[in-house]
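# Sequence below, structure please.
(chains A and B)
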Amino acid sequence: DAGVIQSPRHEVTEMGQEVTLRCKPISGHNSLFWYRQTMMRGLELLIYFNNNVPIDDSGMPEDRFSAKMPNASFSTLKIQPSEPRDSAVYFCASSPGTGYGYTFGSGTRLTIV
Amino acid sequence: DAKTTQPPSMDCAEGRAANLPCNHSTISGNEYVYWYRQIHSQGPQYIIHGLKNNETNEMASLIITEDRKSSTLILPHATLRDTAVYYCIVRPLTDSWGKFQFGAGTQVVVTP
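Residues are numbered from 1 along each chain as shown, chains lettered A, B, ... in the order given. Predicted structure coming up:
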């Protein structure tokens, strides 16, 4: 099992540009989560999906952020337009369901200059 | 969800047992205790979880007090690779969507 796969590992983008982060969950896991981690705020839950349906996006900081899960094996987190304060490590995680722990990906380190 | 309190940091000697405390005095009857850790530059890693009985797996043991207001994660023989931030989280199993909220955790440093 390859685990949760995120791409890219690192992204440096100019302010104002669109950024797309990608995640492939573990096959058979029906829940997917996007987290953001910064030194100031720690790990924050942004949004999560169950069976490809967004359940709670209350953690999404503002309308510049959007997430999709078109099928069970792929999800994207998009920032448009990006700002320097969006710089962080973004993690994707998946879970087989209630009561189980999460498996996290290696993260995408995003830097907006 | 119940709040948890963990010491911000602790040191442990390599080869010795590491005992990581967590207070969750407002825990509800349907809330489980979960432990994760995050090694530098990696994503968090699930360790173990339990309700009221002690649990053990290949990574660690979880001891939950009888009143469930606190718990201890035990790494039986700490190695340098166990240096990480350890997070204690309480969450209802009945939370159908299983979302976890991470706090500040305990920075554990294992020294030779």
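# Skip the chain neighbours and tell me the closest residue to the most centrally placed residue in chain B.
With distances taken as Cα atoms, centre = their mean, residue B:35 lies nearest the centre of chain B, 3.3 Å away. Leaving aside its sequence neighbours, residue B:35 sits nearest to residue B:47 (Cβ to Cβ, 6 or more residues apart in numbering or on different chains; 4.3 Å). Bear in mind the C-beta positions are built from the backbone N, C-alpha and C, glycine included.
# what's the burial count for residue B:109?
13 (other Cβ atoms under 10 Å in any protein chain shown).
# ok, what's across the strand from it?
residue B:11 (DSSP bridges).
# wait, isn't residue A:33 in contact with residue A:48?
Yes - in this structure, residue A:33 is within contact of residue A:48 by Cβ atoms under 8 Å, at 4.3 Å.
# quick one: which of those two has more around it?
Ranked by neighbour count (other Cβ under 10 Å), residue A:33 and residue A:48 place residue A:33 first, with 28 against 25.
# Going by secondary structure, that one is in what exactly?
strand A:31-38 (DSSP states H and E).
# mind checking the end-to-end distance for stretch B:35-55?
12 Å (Cα to Cα, to the nearest Å).
# And for it, what's in contact with it?
A:4, A:43, A:91, A:93, A:101-107, B:20, B:22, B:32-34, B:56-57, B:59-64, B:68, B:71, B:73, B:81-89, B:93, B:100, B:102, B:105 (Cβ atoms under 8 Å, 6 or more residues apart in numbering or on different chains).
# Can you flag the buried ones in those?
A:4, A:43, A:91, A:93, A:101-107, B:20, B:22, B:32-34, B:60-64, B:68, B:71, B:73, B:82-89, B:100, B:102, B:105 (16 or more other Cβ atoms under 10 Å in any protein chain shown).
# taking the residues you listed one by one, which sit in strands?
Among the buried ones among the contacts of stretch B:35-55, the residues falling in strands (DSSP state E) are A:43, A:91, A:93, A:103-104, B:20, B:22, B:32-34, B:61-64, B:71, B:73, B:84-89.
# Can you give me every residue that contacts residue B:22?
Per Cβ under 8 Å, 6+ apart, neighbours of residue B:22: B:4, B:5, B:6, B:33, B:35, B:70, B:71, B:72, B:73, B:88.
# Give the full set of residues in contact with the residue nearest the centre of chain A.
Centroid check for chain A by Cα atoms, centre = their mean gives residue A:34 as the closest residue, at 3.4 Å. Residue A:34 makes contacts with A:23, A:45, A:46, A:47, A:48, A:67, A:75, A:77, A:90, A:91, A:92, as judged by Cβ under 8 Å, 6+ apart.
# Fine by me, thanks again.
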